[in-house]
Structures are given as C-alpha cells and as structure tokens.
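Asker: model this:
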Amino acid sequence: MKRRVTKAIFPVAGLGTRFLPATKAIPKEIMTLVDRPLIQYAIDEARAAGIREFIFVTSRGKSALEDYFDHAPQLEQALRKAGKKELLEILQSTNMDSGAIAYVRQHEARGLGHAVWCARRLIAGNEPFAVILPDDVMAAEKPVLQQMVEAYAETGGNMVAAMEVPREKVSAYGVVEIAEDMGRMVRVGGLVEKPAPEEAPSNLAVIGRYILTPQILRHLNRKKVGAGGEIQLTDAIAAEVGGQGVYAYRFEGERYDCGSKAGFLEATVSFALAREDLGADFRRFLEGIVARSNAAE
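Answerer: Just a heads-up that it's a prediction; the model follows:
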C-alpha cells in the first residue's frame, strides 16, 4: 500500500550570495515577490498538496526565516483594534501551528544531497517525503506538488519534476535519461548531474520538486561525492533506478528560477500582472516603458 506524502523538506541553508548586498541582512527565502516572500509560495504549494509537517534545513543567520512563521500577537492586536480584518487574515495565514515546523542545521555547504540527509532523523523508516526548493517558484492552475502527489498515487517509487530546457543549458541541471516516454510521465533510466551538452542523455531537466522514498536517505548516508565536489541528491535518486523505480513528471505550469536575479525579476513581473488588484495598472506602466524605449530607437 502506498503511503500518503505528508512531510516536506525545505533546503534553505544557502547564503544567497547572488543577491548581495540584500542577503547580508535577510535570508534570500524571505525576499518578496510582489508582497509575499519566496518561502510563502513554497509553503502554500506544499499545503495544497497535503503536506502537514515542514522540515527546514537551515544555517546560521536564518533566524528571520524562523520568526516569519511565528505568531505576532502585538501586530495582530494592532490590526484587530484598527478593524483591518483583511490584513489580519493575511497575517494569520502565515502562522504555523506549534510543532508543524522543525528546524535542523546544515553546518557545512556540501550540496543538496547533504542538506536532505541532514533531515534524515525526522523521516520515518517507511514514509515517502517531498523535497521543495523555494528558489524554483511555480505558477500553475493546480499547484505542481499537488500534481505530483496525484501522479505518485498511481506510480509509487521516486518522482522528480521535469521540464525540457535548451540543450545548451543542460549543464545547469540534473538531466534525465529516458527509459520510457509516456507523455506527461517518464520512466527514468538514469540521471546525470550537470552534464556537458554533448554528453547529456536528453534535454529533460530535473526541477526543484521531488517525492522520494526513505531509501534515498540510505544512499545519501554513504556521503558519496559527485559533481562539483558535493553530495548530489541526483546521484542518490539515480541509484534507485533499478530499485523502487524513478519517474519524471512533466508538470503543467511555469517555472521561475528565483535563484537568479533575472529569474526573480521575471517572476515579479509575471506575478504582478496576474494580480487583480495590480495587473491593469502595472501593465499600462510596462506598456509605457516599452513605447518610450521603441520611440527612442
């Protein structure tokens, strides 16, 4: 019998150096897209997929991330007194129940696989778990992890989110070797981390959403060093190709790489345009900029 996926690991220990100097003072994960921090998008997606327990793999300097999910009685009282019911509801939606979040430290930056391994004691011996990378922000009618959970109910095993990327960019991703292409679902024959374009088995790239079996943690326990001198999650998943099976799921939706400045800006524009309260005015503003730029040429 397949077990439900109710736990998710959020690797958030990175220093966010690409966003300095902003990340000198605040964790990258609470930088805002429009008016919500990156981590809130990831949490909302997880909740929609049925996740009830949230495991954050953090590092020194992430206390603001922990405070974000705490209750703020003084602020709530001020909003209640001012009759700002809508703002109060928004604020309370960010609160997490006591015991819903656990924090573990990654003391060394040894790769994504190592970050997931750090949470091993919080995963039971036979329960599947999700991994969500907050840098990958998804815009989808049905949240991407929810799509994957529904597909996982049919397949079991291990599952990665995947999308086609230009071949010249495959060296930035884990790449799928396709054993059987079933359309939205792909049976994986192998995984290669950050291959050179000419050596990549396909252009189907792994994106930051995973549903994994505890066997992955046992592979990570070997602390095998892979690409870039780091412990790669991709390598541990690849080891299960001949075991409990690995599937890649071509999700429906748009992915934004908010680990890069360009991707962060693209996401900001896209999410702002999609907002009922902002979209029309913002679109007129952008159209004005484009018109002035075209006139200048």
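Asker: Look up how far Phe19 lies from the residue nearest the centre of the chain.
Answerer: The geometric centre of the chain, computed from its C-alpha atoms, lies nearest to Leu133 (Cα atoms, centre = their mean), at 2.5 Å. Distance, Leu133 to Phe19, by Cβ to Cβ, to the nearest Å: 15 Å. Using the backbone N, CA and C atoms, a C-beta is placed for each residue, glycine as well.
Asker: could you give the mean pLDDT of stretch 269-280?
Answerer: In this model, stretch 269-280 has a mean pLDDT of 93.
Asker: And the contacts of that stretch?
Answerer: Leu33, Val34, Ala139, Glu254, Tyr256, Phe282, Arg283, Leu286 (Cβ atoms under 8 Å, 6 or more residues apart in numbering).
Asker: Inside helices: which ones of those residues?
Answerer: Judged by DSSP state H, the subset of the contacts of stretch 269-280 located in helices is Phe282, Arg283, Leu286.
Asker: contacting residues for the first one?
Answerer: So that's Phe282. Counting by Cβ under 8 Å, 6+ apart, Phe282 touches Val269, Ala272, Leu273, Arg275.
Asker: go again using 7 Å as the cut-off
Answerer: Shown in contact with Phe282 (Cβ atoms under 7 Å, 6 or more residues apart in numbering): Ala272, Leu273.
Asker: Can you show me the strands along this protein?
Answerer: 7-11, 32-33, 36-37, 53-58, 101-105, 129-132, 136-139, 158-164, 174-181, 185-193, 204-212, 246-250, 254-257 (DSSP state E).
Asker: C-alpha coordinates for stretch 258-271, PDB please?
Answerer: The C-alpha trace of stretch 258-271 is given here as PDB (Å, rounded to 0.1, in the frame of the first residue of the first chain):
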ATOM      1  CA  CYS A 258      14.300  32.800  -8.400                       C
ATOM      2  CA  GLY A 259      17.900  31.800  -7.500                       C
ATOM      3  CA  SER A 260      19.000  34.200 -10.300                       C
ATOM      4  CA  LYS A 261      18.300  38.000 -10.500                       C
ATOM      5  CA  ALA A 262      16.900  37.700 -14.000                       C
ATOM      6  CA  GLY A 263      14.500  34.900 -12.900                       C
ATOM      7  CA  PHE A 264      13.500  36.800  -9.800                       C
ATOM      8  CA  LEU A 265      12.600  39.900 -11.900                       C
ATOM      9  CA  GLU A 266      10.700  37.700 -14.500                       C
ATOM     10  CA  ALA A 267       8.700  36.200 -11.700                       C
ATOM     11  CA  THR A 268       8.000  39.500 -10.100                       C
ATOM     12  CA  VAL A 269       6.600  40.900 -13.400                       C
ATOM     13  CA  SER A 270       4.600  37.800 -14.100                       C
ATOM     14  CA  PHE A 271       3.000  37.500 -10.700                       C
END
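Asker: What about the residue nearest to Pro37 when sequence neighbours are not counted, how many residues nearby?
Answerer: Closest residue to Pro37 apart from its sequence neighbours, by Cβ to Cβ, 6 or more residues apart in numbering: Ile30 at 4.0 Å. Residues within reach of Ile30, counting by other Cβ atoms under 10 Å, total 19.
Asker: Pull up the per-residue confidence for Ile30.
Answerer: Looking at Ile30, its pLDDT reads 90.
Asker: Of the ones in helices among the contacts of stretch 269-280, which is the nearest to Glu199?
Answerer: Here the nearest of these to Glu199, counting by Cβ to Cβ, is Leu286; it sits at 40.3 Å.
Asker: quick one: that closest one and Leu233, what's the gap?
Answerer: Distance of Leu286 to Leu233, computed by Cβ to Cβ: 38 Å.
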